[in-house]
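In: Kindly return the folded structure for what I paste below:
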Amino acid sequence: MADVWQVSTATGTREEAVALAKSVVTARLAAGAQVVGPVVSVFWHRGEFGTGEEWQLLLKTRADRYPELETHLLRHHPWDNPEVAAVPLVAGSAAYLRWVGTTTEP
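Out: This is a model prediction of the structure:
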């Protein structure tokens, strides 16, 4: 069973989120993507406090595919400095984890 991670990022519009999700899944850098939103974001950006609506992407991938996924996200993301964060899944059904592993084979 491959080490499976969930990777998150966010965009300013639903259309940007769906396009980014399609690009990583068709490249097999993620087995699947969920677009959630809009969500309210509260943040500091360039020294200023702000709030806004964002669309969150949750991507499932193998740990060994993360570097390529991160590079792809940073290259194709509409923002200069987007959130790209990953957390390992510590548990999951065996069939699901196998699916992520086989779907993201290079």
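
In: what's the spacing between D3 and L97?
Out: Here the criterion is C-beta to C-beta, to the nearest Å. By it, D3 lies 9 Å from L97. From N, CA and C alone the C-beta is placed, and that goes for glycine too.

In: Those two: which has the busier surroundings?
Out: L97 (19 against 14; other C-beta atoms under 10 Å).

In: element containing the more buried one?
Out: According to DSSP states H and E, L97 maps onto helix 94-103.

In: Equivalent analysis for S41, please.
Out: Following DSSP H and E, the helix or strand that holds S41 is strand 32-45.

In: Ok, G92 next?
Out: Under the criterion of DSSP H and E, G92 resides outside all helices and strands.

In: OK, contacts around it?
Out: Each residue near G92 by C-beta atoms under 8 Å, 6 or more residues apart in numbering is listed here: V4.

In: Test for you: state the pLDDT assigned to it.
Out: In the predicted model, G92 carries a pLDDT score of 94.

In: same deal with the one 10 residues further on?
Out: The per-residue pLDDT reported for T102 equals 95.

In: So which bits of the helix holding L97 are buried?
Out: For helix 94-103, the neighbour count (16 or more other C-beta atoms under 10 Å) marks 97, 99-101 as buried.

In: G47: which of those is nearest?
Out: The shortest distance between G47 and any of the buried residues of helix 94-103, using C-beta to C-beta, involves V100 and amounts to 38.9 Å.

In: Quick check: that closest one touching D3?
Out: No - judged on C-beta atoms under 8 Å, V100 makes no contact with D3 at a distance of 9.8 Å.

In: Give the residues shared as contacts by the two.
Out: By the contact definition C-beta under 8 Å, 6+ apart, V100 and D3 are jointly contacted by R62.

In: coming back round to it: tell me the helices and strands packed up against the helix holding L97.
Out: Using 3 or more C-beta pairs under 8 Å, 6 or more residues apart in numbering; DSSP states H and E as the contact criterion, the neighbours of helix 94-103 among helices and strands are strand 4-11, strand 48-62.
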